[in-house]
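Enquirer: Sequence and predicted structure, then a few things I'm wondering about:
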Amino acid sequence: MGEMANRDFAVLLDELIAARDQSTGPVAAPTIPFDYLSVAEELYSGRIQVSDDAVEAEYREASEGEPETVAAETVGGAGSLPSVEPEAIAVELGLDRATAADFTRIRRRFAFANHPDRVAPHLRERAMVRMKIANMLIDAASGKAAAMDRR
């Protein structure tokens, strides 16, 4: 320990560099941090393309994961886009078996699966229509439930 205290830092550094140069093992390459901005720039540049079919399939898969959705039972049958028919959306929401306390949960669950901000750009108009219809149906059912509670 006594001899280490008397050594100059530059000498110690030179010895460490010389020892590293003499080692036979591979020298680890310096790590490069992940550059999120360049990845986002690449995504928004338009050089990366995702087919509409792949996006549509992803949208359909996400909606099939919910137990209360019937996305495959739309007007055109399996393989078509989610329906914008009020009757189909009402069945999907499950309003016929909902209680007054369920409406907020139903609205949030439907929005999580169908909100325009959560779908591909080419499906946003349809998702917006579906959200408007769903909100209208939930508000009507909630109003009916509140009227029944007042009686």
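Expert: Yep, that arrived. Numbering: from 1, shown residues only.

Enquirer: Let me see the contact set for the spatially most central residue of the chain.
Expert: Most central in the chain under CA atoms, centre = their mean is Arg118, positioned 6.7 Å from the mean C-alpha point. Under the criterion of CB atoms under 8 Å, 6 or more residues apart in numbering, the contact partners of Arg118 comprise 112, 127. C-beta: built from backbone N, CA, C; applies to glycine.

Enquirer: What of Leu93?
Expert: The neighbourhood of Leu93, defined by CB under 8 Å, 6+ apart, consists of 68, 106, 110, 134, 137-138.

Enquirer: List only buried entries from the residues you listed.
Expert: Members of the contacts of Leu93 that pass the buried threshold by neighbour count (16 or more other CB atoms under 10 Å) are listed as 106, 110, 134, 137-138.

Enquirer: just so I have it, where are all the helices in the chain?
Expert: Remark: helices assigned in the chain by DSSP state H are 2-5, 9-22, 36-44, 52-64, 86-93, 103-114, 124-150.

Enquirer: Give the rounded mean pLDDT of the fifth one.
Expert: The average pLDDT for helix 86-93 rounds to 91.

Enquirer: Just the angle for that helix relative to helix 124-150, thanks.
Expert: For helix 86-93 against helix 124-150, the angle between stretch directions is 70 degrees (axes from the mean of the first three to the mean of the last three CA atoms, to 10 degrees).

Enquirer: what angle separates helix 86-93 from helix 103-114?
Expert: Angle of helix 86-93 versus helix 103-114, following the same axes, to 10 degrees, is 110 degrees.

Enquirer: still on that earlier bit, between the buried ones among the contacts of Leu93, which sits nearest Met148?
Expert: Using CB to CB, Ile138 is the member of those that sits closest to Met148, with 15.5 Å.
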